[in-house]
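J.: Below are the sequence and a predicted model for it; my questions follow.
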Amino acid sequence: MVWPNPLMRMLPWLRALLLVLPPLVCAAPARSEVSVEGTPAALRVKAEQASLLEVLGALEARLGVRHSALIALDDVKFGGTYSGTLEDVLRRLLAGLNYVIKTQEAEIEVVIVGRPGDAPPAFVDKPPPPAANANPAAQWRAPRRQP
């Protein structure tokens with residue numbers, strides 16, 4: 001095919017470029033990274049586009065800090081370097097959340113309850129199961145239902 005204009009000769013290439021370029025630009029994933037260095041007395045946590053769940057997971061892997069949450073932690077993102085004692089770093093990471101830090105000997109557990117102003121989680125009070133009578137005669141003489 002003969003194109004009369006030099007710009008018209010580039011048209012097939014431009015079309016191909018427009019088909020290939022957008023998926024390449026959009027395919028770059030957001031990469032998160034967390035590094036934990038030091039001891040509980042002198043700690044350094046570096047996070048880049050990391051969720052709170054990833055940061056707490058790295059603290060658990062490195063220092064054994066256990067955690068549980070009643071809310072989703074994936075939407076809380078961090079970026080930057082946090083340094084100090086383990087308690088100081090945890091306070092800064094958990095700022096804006098309702099939480100409890102339980103320390104017992106060398107174990108630390110973090111329980112995240114929610115965000116300020118959120119309704120408390122639903123509590124379902126279940127009645128205790130009936131006590132099982134261990135007496136074989138009582139089990140044999142089960143109560144009869146009246147019609």
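T.: Arrived safely. Numbers count the residues shown, from 1 in each chain.
J.: thought residue 37 was touching residue 43?
T.: Yes - Residue 37 is within contact range of residue 43, at 7.5 Å (criterion: Cβ atoms under 8 Å). C-beta coordinates here come from the backbone N, C-alpha and C atoms, glycine included.
J.: So those two - more neighbours on which side?
T.: residue 43 (21 against 11; other Cβ atoms under 10 Å).
J.: State the three-state secondary structure for residue 118.
T.: At residue 118 the chain is in coil, as set by DSSP: H, G, I helix; E, B strand; the rest coil.
J.: and it, what is it in contact with?
T.: 71, 98 (Cβ atoms under 8 Å, 6 or more residues apart in numbering).
J.: how far away is it from residue 68?
T.: According to Cβ to Cβ, to the nearest Å, residue 118 stands 17 Å off from residue 68.
J.: Residue 35 now?
T.: 23 Å.
J.: now residue 85
T.: 22 Å.
J.: Could you check which of these two has the larger neighbour count?
T.: residue 85 (14 against 10).
J.: was I right about that one contacting residue 45?
T.: No - counting by Cβ under 8 Å, residue 85 stays clear of residue 45, with 11.6 Å between them.
J.: buried residues in stretch 110-128?
T.: In terms of neighbour count (16 or more other Cβ atoms under 10 Å), stretch 110-128 has its buried residues at 110, 112.
J.: how about low-confidence regions in this structure?
T.: Counting by pLDDT under 70, the low-confidence segments of the chain come to 1-11, 13-31, 120-124, 131-147.
J.: where along it do the helices fall?
T.: Per DSSP state H, the chain carries helices over the ranges 6-26, 52-63, 86-93, 136-140.
J.: beta partners of the nearest residue to residue 99 once chain neighbours are set aside?
T.: Among residues not flanking residue 99 along the chain, residue 112 sits closest, at 4.7 Å (Cβ to Cβ, 6 or more residues apart in numbering). Here residue 112 sits in beta bridges with residue 69, residue 99, as judged by DSSP bridges.
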